[in-house]
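In: fold the following and give me the result.
(4 chains)
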Number of protein chains: 2
Amino acid sequence: MRLVIARCTVDYAGRLTAHLPSAVRLLLVKADGSVSVHADDRAYKPLNWMSPPCWLTEDDGSWVVRNKADETLTITLEEIQHDSSHELGLDPGLVKDGVEAHLQELLAEHVHTLGDGWTLVRREYPTAIGPVDLLCRDHDGGSVAVEIKRRGEIDGVEQLTRYLELLNRDPLLAPVQGIFAAQQIKPQARVLATDRGIRCVTLDYDALRGIESDEFRLF
Amino acid sequence: MRLVIARCTVDYAGRLTAHLPSAVRLLLVKADGSVSVHADDRAYKPLNWMSPPCWLTEDDGSWVVRNKADETLTITLEEIQHDSSHELGLDPGLVKDGVEAHLQELLAEHVHTLGDGWTLVRREYPTAIGPVDLLCRDHDGGSVAVEIKRRGEIDGVEQLTRYLELLNRDPLLAPVQGIFAAQQIKPQARVLATDRGIRCVTLDYDALRGIESDEFRLF
DNA sequence: AACTCGATCTCGGGG
DNA sequence: CCCCGAGGTCGAGTT
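Out: This next block holds a predicted model:
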């Protein structure tokens, strides 16, 4: 990883064209060849960048970074205040917990918490407009589509509504009930769901994990 | 801006919990107080970060960055290889061209490319749930609502659907056709639009610009 | 301040 | 490989 602090101008030409007037900035050149240009604010997003795979050619204070689609990032250096390189090695990467995929996994293993005698048909049940998170059968064999979110907002209710409309056209499945399941459900989303006959279920992540570990302990 | 290269472990607790095992990384502390942790790959995204407004407390090799929602980023430094600070000053910021606003502008000037004899009523036609990108009249005087996106996805079709439902309640406008116009239209979005009787149009940005410059040359 | 929506989104998973 | 959805989305503009 190479760190350069320099007064520079930057031009990007590709999916759009963009220009940065002269100022002092951080230029970050990573081992994969990628380059990013940072100002002294915003943790997350650089002012400008080129993602890998791409290649840097350096010619006397003029850098050109190019990728396969022939997009270019041109950096003109005017005054270098710092220039250092560092060996970092491979990163072991991030360990996450508490995301939607894990919620889906947990609920899929415990659909009986939604209703007695319920069974899972499949996760990611495919439709022409995208996969339904869970398709289940209730104790009577009726179909239930479940949409799972970490945070339940209006978008999620709209998504489930689209799935239900489509699934209910399938005579093998219809009628299909809907369940909107999330760790937190926004009041507006709850109103909309209820108005459309969709049941809302608040998920307790720790409790689902608890069930998991309880069942594990039984064996 | 402060640049630190150090072997460290990182823990984030907030909207999720995440952990980074010990490795050498770049720690970037910006003037707004934000902190980001970078590995030697991926130009854009830090492995972990805290966005401003937030506050760093440093206590003998242990950093804690906290925000108002009480999310915390904890960095434990094990071995510091580099530590430097730099004065950057305010950045004049990025000048962009070629985004959705420009597409709308171009298409507004050339609604005849959507159909012979079509005319523009107005851009950003106001409704109670937001502005419609373009409202047009076809050769028969019928109303047409146009939603413009750079990339056409399902969300955009939903948005246009809501506008059409509202506009069609206005007896002065109804019936109102819908056109979903984008540089690229995703298959699922096309299926949904077509199912709802919405016409899909693929926009060629360079061609629209070409028309522009051709017409310019005529004068 | 809350909400909406675009983004050179980035990133990961599944077919 | 592309398609698709999620994101600690971020960040800007508007109400």
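In: what segments of chain A are helices?
Out: Secondary structure of chain A by DSSP state H: the helices cover A:100-109, A:154-167, A:187-195, A:205-218.
In: ramachandran angles for the closest residue to A:Ser51 other than its chain neighbours?
Out: Once flanking residues are discounted, A:Ser51 sits nearest to B:Ala43: 4.8 Å by Cβ to Cβ, 6 or more residues apart in numbering or on different chains. The C-beta positions use only the backbone N, C-alpha and C, and glycine is treated the same way. Listed backbone geometry of B:Ala43 is phi -60, psi -40, with angles given as degrees, to the nearest 10.
In: pull the number of nearby residues for B:Ala43.
Out: In terms of burial, B:Ala43 registers 22 neighbours under the definition other Cβ atoms under 10 Å in any protein chain shown.
In: try A:Gly178
Out: Using other Cβ under 10 Å, A:Gly178 has 23 other residues around it.
In: I'd guessed it sits against A:Leu160; true?
Out: Yes: A contact is recorded between A:Gly178 and A:Leu160 when judged using Cβ atoms under 8 Å, the distance being 5.3 Å.
In: quick one: A:Leu73 from DNA strand C, how far?
Out: Between A:Leu73 and DNA strand C the computed distance is 7 Å (Cβ to the nearest atom of the strand, to the nearest Å).
In: nope, A:Ala108 is what I was after
Out: Using Cβ to the nearest atom of the strand, one gets 12 Å for the distance from A:Ala108 to DNA strand C.
In: show me where chain A has its strands.
Out: A:2-13, A:17-29, A:35-38, A:48-50, A:54-58, A:62-67, A:72-85, A:95-97, A:119-125, A:132-137, A:143-152, A:176-185, A:199-202 (DSSP state E).
In: now for the first one, which elements pack on it?
Out: This points to strand A:2-13. Counting contacts by 3 or more Cβ pairs under 8 Å, 6 or more residues apart in numbering or on different chains; DSSP states H and E, strand A:2-13 packs against strand A:17-29, strand A:48-50, strand A:72-85.
In: get me the contact residues on chain A for DNA strand C.
Out: Taking Cβ under 7 Å from any atom of the strand as the test, the list of chain A residues beside DNA strand C reads A:12, A:14-16, A:18, A:48-51, A:71, A:73, A:101, A:124, A:126, A:154.
In: nearest to DNA strand D, of these?
Out: A:Ala101 (7.1 Å; Cβ to the nearest atom of the strand).
In: in this structure A:Thr194 contacts A:Ile185, no?
Out: No: counting by Cβ under 8 Å, A:Thr194 stays clear of A:Ile185, with 10.3 Å between them.
In: find residues that contact each of the two.
Out: In the contact map built from Cβ atoms under 8 Å, 6 or more residues apart in numbering or on different chains, the residues linked to both A:Thr194 and A:Ile185 are A:Cys200.
In: higher neighbour count, the two?
Out: A count of neighbours by other Cβ under 10 Å puts A:Ile185 above the other of A:Thr194 and A:Ile185, at 21 against 13.
In: surely the more buried one touches A:Arg150?
Out: No: in this structure, A:Ile185 is not within contact of A:Arg150 by Cβ under 8 Å, at 10.8 Å.
In: other residues contacting stretch A:111-118?
Out: Taking Cβ under 8 Å, 6+ apart as the criterion, the residues outside stretch A:111-118 that touch it are A:107, A:119-120, A:134, A:136-139, A:144, A:146, A:179, A:181, A:201, A:208, A:211.
In: okay, who's weakest in the residues you listed by pLDDT?
Out: When the contacts of stretch A:111-118 are sorted by pLDDT, the bottom entry is A:Ile211 at 74.
In: pLDDT below threshold where in chain A?
Out: Applying pLDDT under 70 to the predicted model, the residue ranges of chain A that meet it are A:98, A:212-219.
In: domain ranges for it?
Out: Domain assignment for chain A by automatic domain parsing gives A:2-85, A:100-218.
In: with respect to DNA strand D, which of those lies nearest?
Out: From these, taking Cβ to the nearest atom of the strand, the stretch that ends up closest is domain A:100-218, at 2.3 Å.
In: touching DNA strand D at all, the closest one?
Out: Yes: on the criterion Cβ under 7 Å from any atom of the strand, domain A:100-218 is in touch with DNA strand D at A:100, A:129-131, A:133, A:149-151, A:159.
In: just to revisit the earlier point, overlap in contacts of A:Gly178 and A:Leu160?
Out: Shared contacts of A:Gly178 and A:Leu160 (Cβ under 8 Å, 6+ apart): A:145, A:147, A:193, A:198.
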